[in-house]
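In: just coords:
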């Protein structure tokens, strides 16, 4: 039984059909790379999983539980979407760190707000609140260390390089321990010499508990790190399989053409 | 010399009223302007239309006329004249400035990349948390220069209250013309200049204070 199951996701913007019946089945701890040319719907698929876009039609289940099902007839409230989003984390192409907060504060902001909500709702005792705060601080310090930025904890985003900013963004996404961590072209906005450090960090996150979906143009990275590769074209999954199958022996003409162009 | 002190004292009294109009307008119009900006950015079309029309009317009519309307119209229409000239002035100024501020807020808010909101959303923050904790301070930083401009205009617009005989500094200075003294009127400029000078320093300081991050 797969951990994340996506059935028949359809999404249109106006009259443009961006996703046309996407099905996915991803196992726990699996790393999936989604490749394909611009406009193929990769990013929209990722945004639908994080509910930044709401799929018109389709179903999403995590760990056997249907968290989203739409036949296109009903709207979802902010509260519902927030609930659904908690299963997913997303690292953006353009980092989207909060500029007025330090690296460390970027990590702790959302968990602290969540804690304050809990304090109000559950009337947590002061001691318990303090313990939770300490836990958040410790976790943030741990994660900054994991991405190799402990000494930058009090730096503001504008004082960090693009690669460092993206590493902070990755740590921030991990703060709430999402079941599935998504990356939307995490290195596309970086100078070539900075992509390495970000890819190294992503690779280091791979473990049996963490499911990751990475939309990327880094073919070498997809080939080396992913367990499963999906090639998208025109809003459908054109081909998928192990990296060796997709890169080594592509069956679809579109995949072949795409990979040939990429090799230059 | 005695005359100079007499004039200065009188102008200082007027300047106190000027400062009251300024301070009250600012304190009330800054939050009201933010609310109006939410209205003009509403996704619900009728609400948006109402607020946009309101801003158009207020920005499209002279503030002096609005002062007359607030002061006289309640009396004409409902037989309930506003008791205080000062209160009418504050009402007219707050509404007028809130509308100008609302457009500055709107420009500031719309300039924040949607990625900031989306980043908050995927971190499970509520819309209100995102606005309060992420967007607002970025908006503040962006709008300090245009806000400063508008606030400096407000200092001098307070002189319009004179048209409904509020005893602000210009009105006080004019009282001396009946004694064939014109220089007190020009002397008021010193007060305005000192006030605006202090505000300019304050805005410069605020900009520096927020220079530690870039938006």
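Out: Sure, I can see it. Everything quoted here is computed from the prediction, not taken from an experiment.
In: show me what from chain A comes close to chain B.
Out: Neighbours of chain B within chain A, by C-beta under 8 Å from any C-beta of the partner chain: A:50-52, A:78, A:81-82, A:85-86, A:88-90, A:92, A:94, A:96-100, A:109-110, A:113-114, A:156-158, A:172-173, A:175-176. C-beta here means a position set from N, CA and C on the backbone, and glycine is covered the same way.
In: among the residues you listed, name the ones in helices.
Out: Those of the residues of chain A next to chain B mapping onto helices are A:78, A:81, A:82, A:85, A:109, A:110, A:113, A:114, A:172, A:173, per DSSP state H.
In: of those, buried ones?
Out: Taking 16 or more other C-beta atoms under 10 Å in any protein chain shown as the criterion, what is buried in these is A:81, A:82, A:85, A:109, A:110, A:113, A:114, A:172, A:173.
In: who are the contact partners of the residue nearest to the second one when sequence neighbours are not counted?
Out: If I follow you right, that is residue A:82. What sits nearest to residue A:82 in space, not counting adjacent residues and going by C-beta to C-beta, 6 or more residues apart in numbering or on different chains, is residue B:124, at 5.8 Å. Residue B:124 sits next to A:82, A:85, A:86, A:110, A:114, A:176 when contact means C-beta atoms under 8 Å, 6 or more residues apart in numbering or on different chains.
In: name the SS class of residue B:124, please.
Out: coil (DSSP: H, G, I helix; E, B strand; the rest coil).
In: any idea of the pLDDT on it?
Out: In this model, residue B:124 is scored at 93, pLDDT.
In: kindly report the same for the one 4 residues further on.
Out: Looking at residue B:128, its pLDDT is 94.
In: burial count for it?
Out: The tally of other residues near residue B:128 (other C-beta atoms under 10 Å in any protein chain shown) stands at 9.
In: which bits of chain B sit near chain A?
Out: B:113, B:115-116, B:118-127, B:129, B:133-134, B:137-138, B:141, B:212-215.
In: one more time with 10 Å
Out: B:112-130, B:132-138, B:140-141, B:210, B:212-215 (C-beta under 10 Å from any C-beta of the partner chain).
In: my read is that residue B:96 contacts residue B:54, right?
Out: No: using C-beta atoms under 10 Å, residue B:96 makes no contact with residue B:54, being 11.4 Å away.
In: so for these two, which sits in the more crowded spot?
Out: Each of residue B:96 and residue B:54 has its neighbours counted (other C-beta under 10 Å); residue B:96 has more, 23 against 17.
In: mean confidence score for the helix or strand where that one lies?
Out: Element membership for residue B:96 (DSSP states H and E) is helix B:85-110. The average pLDDT for helix B:85-110 rounds to 96.
In: centre of the chain to it, how far?
Out: 6 Å (C-alpha atoms, centre = their mean, to the nearest Å).
In: next one: stretch B:192-211
Out: For stretch B:192-211, the distance to the chain centre is 16 Å (C-alpha atoms, centre = their mean).
In: how about low-confidence regions in the chain?
Out: Assuming you mean chain A. Residues of chain A that meet the criterion pLDDT under 70 lie in A:262-264.
In: what ranges do the strands span in it?
Out: Assigned by DSSP state E, the strands in chain A fall at A:4-13, A:16-26, A:31-35, A:57-62, A:65-70, A:88-91, A:180-184, A:211-215, A:228-233, A:236-241.
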